[in-house]
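>>> I would like the atomic coordinates for the input below:
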Amino acid sequence: MPRRIRQHQEEEEAEINLTPMLDVVFIMLIFFIVTASFIKEAGIDVRRPEAAQAEPKKKANILVAVSGNNEIWIDRKNIDPRAVQTTFERLLAENPEGSVVIQADEDAYTETIILVMDAARQAKISRISIAGRLPE
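The predicted structure is shown next:
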């Protein structure tokens, strides 16, 4: 074989097709984006009361904050008390395995906390927790 043809064949054999590898990486990226659980924050910081038996909760999907002046915050939005149940229903439709963690301020009224808990129960959410802080 002439040298030029042999050199051309060696160049073709030496090439690596990266398209399948890029396809796999792209599919893996999409998989991780879709399966990642995004942390939703309530929207405000509250002074939680101290609790001797507080346990960290790792999979809290719906965080609700009740401020000291009894405002209800879900997903960084101030929610009207009459709209709490519909907000829970919408969030539960997005994540059927959702659980609610209520972060209530020390000065929040018990009535407001019970209103949030009742709205969660009416939205068919069975896992409801109240956040406390460990003693220092």
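
>>> Would you mind stating the distance between Val66 and Val34?
Applying CB to CB, to the nearest Å, the value for Val66 to Val34 is 32 Å. C-betas here are computed from N, CA, C, even on glycine.

>>> who has more neighbours, these two?
Val66 (24 against 7; other CB atoms under 10 Å).

>>> Test my guess that the more buried one contacts Thr112.
Yes - in this structure, Val66 is within contact of Thr112 by CB atoms under 8 Å, at 5.3 Å.

>>> Mutual contacts of those two, please.
The contact sets of Val66 and Thr112 overlap at Ile72, Ala104 (CB atoms under 8 Å, 6 or more residues apart in numbering).

>>> how's the chain carved up into domains?
3-35, 38-136 (automatic domain parsing).

>>> Mean pLDDT added to the ones you listed, as a markdown table?
Output for those, formatted as a markdown table (pLDDT from 0 to 100):
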| stretch | mean pLDDT |
| --- | --- |
| domain 3-35 | 75 |
| domain 38-136 | 80 |
